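Enquirer: Attaching a predicted model along with its sequence, questions to come.
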Amino acid sequence: MFTFSTVAYAQSAGAASQQSPFFQFIPLVLILGVFWFLIIRPQQKKQKEHVRMVDSLKKGDKVVTNGGIFGTIVKVGDDRITLEIASKVQIQIERQQVARMDQKSGGNKDVKADEPEEKKEKKK
């Protein structure tokens, strides 16, 4: 029971020596700085890269949509593009729904893209 009274006494004594408002504001500024550099800034860079990629789309590019559909661009409009996803099968989507350019288009399908050149030559 004596411990509770000493804790209460220590808390009341500490209230007399308060920090200045400037030092109370520093942790908030540090947290905002960490959020800016770890979350907000990388997200803005990624968004700018996506906008640049969408603006550079042209006929014949192989792309992947946000829904996971692979296709080749047949027609490019202001806000829509037409994709050919199979022989004589075309769909229209919004330009912003293109997730990325297809990196695995073309080349030898039997050879993996991440194998070194030496292994590729040995397979032949």
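Expert: Yes, it's here. Residues are numbered from 1 along each chain as shown.

Enquirer: all strands of this protein, in order?
Expert: Per DSSP state E, the chain carries strands over the ranges 62-65, 70-76, 80-86, 89-94, 98-101.

Enquirer: the inter-axis angle of the fourth one versus strand 70-76?
Expert: Okay, so that is strand 89-94. Counting by axes from the mean of the first three to the mean of the last three C-alpha atoms, to 10 degrees, strand 89-94 lies at 70 degrees to strand 70-76.

Enquirer: got the buried residues for strand 89-94?
Expert: Buried positions in strand 89-94, judged by neighbour count with 16 or more other C-beta atoms under 10 Å: Ile93. Heads up, the C-betas are built off the backbone N, CA and C, glycines and all.

Enquirer: the inter-axis angle of that strand versus strand 80-86?
Expert: 150 degrees.

Enquirer: What strands line up against strand 89-94, and which way round?
Expert: Sheet partners assigned to strand 89-94 using DSSP bridges are listed as strand 80-86 (antiparallel).

Enquirer: try the first one
Expert: As defined by DSSP bridges, the strand partners of strand 62-65 come to strand 70-76 (antiparallel), strand 98-101 (antiparallel).
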